[in-house]
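Generate coordinates for the sequence data below:
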Amino acid sequence: MRPRRAAILREMGLTPLWRLRAAVDPDPDPGGLCAPPPAETPRREAAAGRIAGFPEAAIPEAAPSPDVPRPGPAFPANTASLPAGMATELPAARCVPDVATLDWQALEEAIRACRGCALCEQRTQAVPGVGDRSAPWMFVGEGPGVEEDRRGEPFVGPAGRLLDNMLAALGLRRGDGVYIANAVKCRPPRNRTPEAAEIAVCLPFLDRQIALVRPRLLVALGRPAAQALLGREIAIAAARGKRFERDGVAVVVTYHPAYLLRNPLDKGKAWEDLCFARRLMAAGED
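Below you'll find the predicted structure:
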């Protein structure tokens with residue numbers, strides 16, 4: 001294994017990967033991290049996710065971080081008509097203006113000026129999104145944390161560093177073929193999980209971002225992001241490893257990086273999800 005790739009996997013908590021000596025060759029993965037020879041794929045991806053064999057004490061506990069989301073109110077069970085339904089519960093003055101025809105500059109200005117819900121009252125600034133605006137990959141998280149609220153860019157705290165490592169493990173990097181956004185654009189108080197009404201207010205902004213980027217694959221990071229994209233109740237454990245669609249665009253569901261910081265044993269599952277996403281992307285290129 002190349003030193004840089006080994007370092008990335010160590011940072012993600014996915015090492016050591018034990019191999020039989022007879023199976024080792026000078027470059028065991030010339031096609032990239034998620035592109036082993038077809039006959040090898042199930043065995044090698046299973047090995048990549050096999051971190052449960054570590055002694056629990058050997059895995060350091062993630063230090064508490066101010067930008068790690070805290071649990072919040074559950075998403076409603078019936079969200080098929082969430083945007084319209086939630087909009088009727090908000091005062092007219094707080095509804096988001098029509099953004100369906102805005103270009104990038106006008107859209108980001110509208111996001112920064114938005115007063116559509118109470119989240120705007122405590123924010124330092126809104127956090128629109130960042131990255132390649134014609135990217136095939138689009139990652140959607142929950143909402144900004146402390147550092148994101150300060151800097152105006154999504155995923156720049158500890159969870160952002162882990163996301164960058166996840167991207168690197170796929171041969172991707174922030175800003176190059178990848179666009180990153182959140183379901184809500186303002187930081188929820190105490191980094192709690194965004195409420196359903198807050199997601200509903202922000203959904204037109206996310207809809208427009210997706211329409212402008214036109215990604216080939218959407219990766220939902222966490223349950224609120226998955227429910228915003230799919231418009232219904234989602235359980236991560238049940239949704240993993242499945243291909244969903246949103247207006248003809250493939251959607252893959254996995255854990256939020258902040259959750260992985262608190263639950264490092266699930267990093268192997270996230271790695272399996274990334275490999276599944278990579279296979280979907282590769283299949284679409286054929």
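
I'd guessed A100 sits against P204; true?
Yes: using CB atoms under 8 Å, A100 is in contact with P204, at 7.2 Å. C-betas here are computed from N, CA, C, even on glycine.

and those two? which has more neighbours close in?
P204 (22 against 10; other CB atoms under 10 Å).

and the more buried one, which of the three is it?
At P204 the chain is in helix, as set by DSSP: H, G, I helix; E, B strand; the rest coil.

My reading is that A181 lies in a strand. Confirm?
Yes: checked against three-state DSSP, A181 lies within a strand.

Next up, the contacts around it.
A181 sits next to P128, G129, M138, F139, V140, G141, P154, L206, Q209 when contact means CB atoms under 8 Å, 6 or more residues apart in numbering.

In TSV, list the residues you listed along with pLDDT and distance to A220.
As requested, the contacts of A181 are arranged in TSV below (pLDDT from 0 to 100; distance: CB to CB, whole Å):
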residue	pLDDT	distance to A220
P128	96	18
G129	96	15
M138	98	10
F139	98	8
V140	98	6
G141	97	9
P154	95	14
L206	97	11
Q209	98	14
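
Those: which two are farthest apart?
Spatial extent of these (CB to CB) is set by the pair P128 and F139 at 14.3 Å.

Compare those two (neighbour count), which wins?
It is F139, of P128 and F139, that has more neighbours when counted by other CB under 10 Å, with 30 against 21.

And that one, its phi and psi?
Backbone torsions of F139, given as degrees, to the nearest 10, read phi -100, psi 130.

Touching, G284 and A250? I think so.
Yes: with contact defined as CB under 8 Å, G284 counts as touching A250 (7.3 Å).

Those two: who's more crowded?
A250 (18 against 11).
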